[in-house]
Structures are given as C-alpha cells and as structure tokens.
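> the sequence and its predicted three-dimensional model are supplied below.
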Amino acid sequence: MKKTSTDTKQTVADIITEAIIAKLEAGCIPWRKPWNGAANAPKNLITGKPYRGINAFILGCYGFTSPYFATFKQIQEKKGTVKKGAKSIPVVFYSIKEVADRITGDEINVPVLRYYRVFNLEDVEGIDVPTPEEVTREFSAIEEAERIVADMPFCPEIKTGQAKAYYSPSLDYVNMPKNELFHSDEEFYSTLFHELTHSTGHSNRLNRSTVTKTAHFGSSEYSKEELIAEMGAAFLAAEAGIVNATIDNSAAYIKGWIAALKTKDNRGMVIQAASAAQKAADYILNIPAPAAV
C-alpha cells in the first residue's frame with residue numbers, strides 16, 4: 001500500500017481529526033448506534049478483514065450500503081475503475097521504524113502513525129462485489145409506538161436506504177437502519193423518536209431555530225438540539241411504555257452534551273431544551289398547545 005511522503009504523526013493526526021469532525025458535523029455520532037452493524041462492518045475487499053478502531057468509525061459513518069473498501073492500486077489490480085468525482089477516505093495504521101536511541105545510541109523500534117486512502121466499492125465500476133449476509137433478528141412491532149408514529153401530523157418520509165440514523169432538514173426526511181438490525185425493538189423506536197423529534201423543528205412544523213439555522217458541531221445550538229431530540233425521544237418512549245428499556249441509553253447520550261451546556265453563557269439551557277422537547281413530543285402526539293394565560 002502506497003504511503004504518502006507527508007505521513008508524519010502530526011499530519012496523520014490532523015487528517016484523521018478533520019475526517020472525524022466532518023462526520024460529527026454531518027450528524028454521525030459514534031456513541032449512539034443501538035443497531036447491529038457487524039454484518040455490514042467496513043472491510044477490505046481483497047483481504048476480507050474488517051477495519052478496526054478509529055478506521056471502523058470513520059468508514060462506517062459514510063453510510064455506504066456496500067461494506068467493501070479498497071485502495072486505488074487494489075481496484076486497478078481487480079480491473080476496476082473509480083467513478084469520476086469519487087473521493088477517497090483516509091485509513092490509518094502503525095508501522096515500525098528503527099531509530100537510534102538518543103541516550104544509548106542503540107537501535108530501537110518506534111511505532112510511526114501512517115495512512116493510506118481507500119474508496120468504497122459503490123464508487124467503483126467493473127468489479128463484482130459479493131453481497132454480505134446481514135445478521136438480523138425478528139422484529140416485533142410495538143403497537144403503541146407504531147400508533148404514535150402513524151398519528152404524527154405532517155410526518156416526514158421515513159427511509160431505510162442507509163445503515164445509519166439521521167434527519168435531513170433540507171430534504172425533510174428521516175433515514176433509519178432496517179428495524180431488524182437493532183438490538184431490540186425498543187431501541188429501534190427510541191432512535192426513531194429521536195430523529196422524529198429533530199424533524200419537528202422544520203419550518204413547516206415548529207420552526208425551531210436549532211434546526212432551521214446551520215449549527216456547527218460543538219456549538220451550543222447544536223448541543224441544545226441534540227439534547228432536545230433525546231429528551232423528546234425519552235418523553236415519547238415513556239408514552240409508548242418503553243422507557244425502562246431506553247432510559248440508560250438516553251442518559252448516556254445526554255451526558256455527552258453536558259459539558260457544552262454547563263458554560264456560563266448556557267445557564268438555563270437544559271430547562272429551555274426540556275420545554276422545547278415537550279413541545280416537540282406534544283406535536284408528534286398531536287396534542288394541542290395549551291392556551292395562553
């Protein structure tokens with residue numbers, strides 16, 4: 001695998017950090033994935049081995065339906081061609097370099113962080129790719145949760161085209177992994193409620209500024225919207241009678257945003273977020289807003 005001439009530790013760290021930030025800003029949250037991604041886990045086309053650690057996270061966040069990745073050289077060797085405009089993705093690894101110890105002068109082995117780039121097979125033509133066998137379980141719909149979703153006014157379209165969960169404000173749709181991929185039925189609905197809560201902020205619904213305006217990852221507005229979505233999901237899960245199965249996940253998820261919410265400028269944000277989450281849940285449940293006093 002060809003290495004770049006600038007693969008110093010700092011350069012590699014910068015490249016990977018930028019890739020992670022880009023994915024986080026696009027809504028890929030690494031600690032929230034209550035569905036089974038093992039069968040669709042990113043793996044190398046030639047070796048068949050799954051990527052591990054940070055590589056698995058970065059590659060998995062792109063939402064490709066094909067789990068297979070390959071370097072440009074590997075694609076050429078398989079007589080394939082990369083589609084015009086396709087972008088490569090960095091993958092990191094450690095190599096061992098012999099250097100002289102500064103004190104003793106003895107030769108020692110030092111791990112050096114390097115990287116190479118890969119393409120997903122969806123961006124490649126001319127290569128037949130095996131279809132991975134999905135590890136699934138039998139899904140049993142929860143009647144009350146189904147009713148809540150069915151009764152939501154102006155419910156956005158719910159798609160299952162990618163193995164990740166997100167809401168697209170610009171196109172106003174929710175994408176969900178297939179329900180049978182989730183570890184439990186309750187976690188499927190909790191995740192769906194989270195994304196539907198995001199959708200209530202659309203300009204045609206509650207017109208919430210944390211959705212209608214661009215909010216960068218790490219900003220107080222971004223953190224507030226994530227808090228609203230998870231609180232709204234918890235409220236809806238309770239309404240559906242599945243709160244005990246999802247509260248631990250919700251608590252762990254919310255904890256990730258507390259630091260951003262505890263700054264001096266954000267005092268009271270938790271209360272504001274809870275209020276907004278209640279309005280979102282009421283909207284989804286089709287409960288009229290209380291009359292002004």
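Ah, there it is.
> contacting residues for the nearest residue to Asp123 once chain neighbours are set aside?
Spatial nearest neighbour of Asp123, excluding adjacent residues (Cβ to Cβ, 6 or more residues apart in numbering): Ala86 at 3.6 Å. In short, each C-beta sits where N, CA and C put it, glycine included. Residues in contact with Ala86, defined by Cβ atoms under 8 Å, 6 or more residues apart in numbering, are 119, 123-124.
> which of the residues you listed are buried? Put it as a PyMOL command.
In PyMOL, a selection of the buried entries from those looks like this (16 or more other Cβ atoms under 10 Å):
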select buried, resi 119+123+124
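> now the contacts of Ala86 as TSV including pLDDT and secondary structure?
Putting these into TSV (pLDDT from 0 to 100; DSSP: H, G, I helix; E, B strand; the rest coil) gives the following:
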residue	pLDDT	secondary structure
Phe119	96	strand
Asp123	94	helix
Val124	94	strand
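> dump the contacts of Ala86 to TSV, plus distance to Leu206.
Formatted as TSV, the contacts of Ala86 follow (distance: Cβ to Cβ, whole Å):
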residue	distance to Leu206
Phe119	40
Asp123	38
Val124	42
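> what ranges does the stretch 151-293 of the chain have for its helices?
Using DSSP state H, counting those that start in this stretch, the helices of the stretch 151-293 of the chain run over 185-199, 209-212, 220-239, 243-255, 258-261, 269-284.
> what about the first one, average pLDDT?
Think helix 185-199. The average pLDDT within helix 185-199 is 92.
> what helices or strands is it leaning on?
The contact analysis (3 or more Cβ pairs under 8 Å, 6 or more residues apart in numbering; DSSP states H and E) places helix 185-199 against helix 143-150, strand 166-168, strand 173-175, helix 220-239, helix 243-255, helix 269-284.
> please repeat the previous calculation with a cut-off of 6 Å.
Contacts defined by 3 or more Cβ pairs under 6 Å, 6 or more residues apart in numbering; DSSP states H and E place helix 185-199 against strand 166-168, helix 220-239, helix 243-255.
> relative to Arg117, how far out is the residue nearest to Asp123?
Separation of Ala86 from Arg117 (Cβ to Cβ, to the nearest Å): 11 Å.
> Ile96 bridge partners, please.
Pro111 (DSSP bridges).
> now it: how far from Val110?
7 Å.
> between these two, who's got more neighbours?
When neighbours are counted by other Cβ atoms under 10 Å, Val110 comes out ahead of the other of Ile96 and Val110, with 11 against 8.
> thought the more buried one was touching Lys97?
Yes. With contact defined as Cβ atoms under 6 Å, Val110 reaches Lys97; the gap is 5.3 Å.
> for the stretch 1-150 of the chain, what spans make up the strands?
43-44, 68-70, 81-82, 89-100, 107-120, 124-125 (DSSP state E, counting those that start in this stretch).
> looking at the ones you listed, which is buried most?
strand 68-70 (a mean of 24; mean count of other Cβ atoms under 10 Å).
> which other residues reach that strand?
For strand 68-70, the surrounding residues in contact (Cβ atoms under 6 Å, 6 or more residues apart in numbering) are 42, 45, 118, 120-121, 129.
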